[in-house]
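Visitor: sequence plus the predicted model coming up.
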Amino acid sequence: MMKDFWNQRYAEQEYAYGETPNVFFQEQLPACQPGKILLPAEGEGRNAVFAARMGWEVEAFDQSESGQAKALQLADRYGVKINYQVMSLETVEFPENHFDAIGLIYAHFSAEKRKNYHQKLISFLKPGGYLFLEGFNPLQINYQSGGPRDSAMLFSPEVLLEDFSGMNIELLQEIEVVLQEGLYHVGPAAVIRLIAKK
């Protein structure tokens, strides 16, 4: 069960992917006027806490109770408030056209559910709202710096263009980076980055 896997990973005392936000998310978010942001599959809260510190009203969720506990702990440490719920993308419901931004940071889903999940998330975004995504591309299979070992769960440009068709793509880039995110994202990595506007 994936839920058990994540609960176990986040039960460790150290933050699995660090306490600082993803570099791409940290670079891009300040360009937007703070509003309401949604962070799905948010793990231990590093990106949610960063967004809250930037003045955003943050909704986050993940299937892991231990992830939630550490996210709320991190928010407390920085004196910010995040609304973090334990649930899955199957069951999550928000009003349509509700969020000004969505951050999908290393949120990889099974191939058969991915497109439906992405479409569902787009429905929660306001017209003019932004989606920021960073994930692993198929070349990541050759690296040991993290990510799913199932190549069907990795993101090619074609996959993202199809999933987010109908949005204005402002950036779609495959690059190699050196990750330094906690215990489990460390070393050279093949990533893909997307900025799309509804």
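Guide: Structure's in. What do you need?
Visitor: residues touching A16, list them.
Guide: For A16, the contacting residues are 9-10, 43-44, 182-184, taking C-beta atoms under 8 Å, 6 or more residues apart in numbering as the criterion. To be clear about C-beta, it is placed using only N, CA and C from the backbone, and glycine gets the same treatment.
Visitor: quick one: the strands in this structure?
Guide: Taking DSSP state E as the test, the strands found in the chain are 36-39, 57-62, 83-86, 99-105, 125-136, 168-181, 185-197.
Visitor: any weak-confidence spans in the protein?
Guide: Under the criterion of pLDDT under 70, none of the chain is flagged as low confidence.
Visitor: quick one on the thing from earlier: so which of the strands of the chain comes closest to F5?
Guide: Set against F5 and scored by C-beta to C-beta, these come closest in strand 57-62, at 12.2 Å.
Visitor: just to revisit the earlier point, and the strands of the chain as a markdown table, adding mean neighbour count and distance to L29?
Guide: Putting the strands of the chain into a markdown table (neighbours: other C-beta atoms under 10 Å; distance: least, C-beta to C-beta, whole Å) gives the following:
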| stretch | mean neighbour count | distance to L29 |
| --- | --- | --- |
| strand 36-39 | 25 | 8 |
| strand 57-62 | 24 | 11 |
| strand 83-86 | 15 | 18 |
| strand 99-105 | 23 | 7 |
| strand 125-136 | 20 | 7 |
| strand 168-181 | 14 | 14 |
| strand 185-197 | 19 | 11 |
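Visitor: let me have those in CSV, extended by distance to P30.
Guide: CSV is the format used below for the strands of the chain (distance: least, C-beta to C-beta, whole Å):
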stretch, distance to P30
strand 36-39, 12
strand 57-62, 15
strand 83-86, 21
strand 99-105, 12
strand 125-136, 12
strand 168-181, 15
strand 185-197, 13
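Visitor: and Y143, which of these is closest to it?
Guide: Using C-beta to C-beta, the nearest of the strands of the chain to Y143 is strand 185-197, at 5.6 Å.
Visitor: packing partners for the closest one?
Guide: Using 3 or more C-beta pairs under 8 Å, 6 or more residues apart in numbering; DSSP states H and E as the contact test, the elements touching strand 185-197 are strand 125-136, helix 157-163, strand 168-181.
Visitor: now the last one against strand 125-136, angle please.
Guide: Strand 168-181 and strand 125-136 are oriented at 40 degrees to each other (axes from the mean of the first three to the mean of the last three C-alpha atoms, to 10 degrees).
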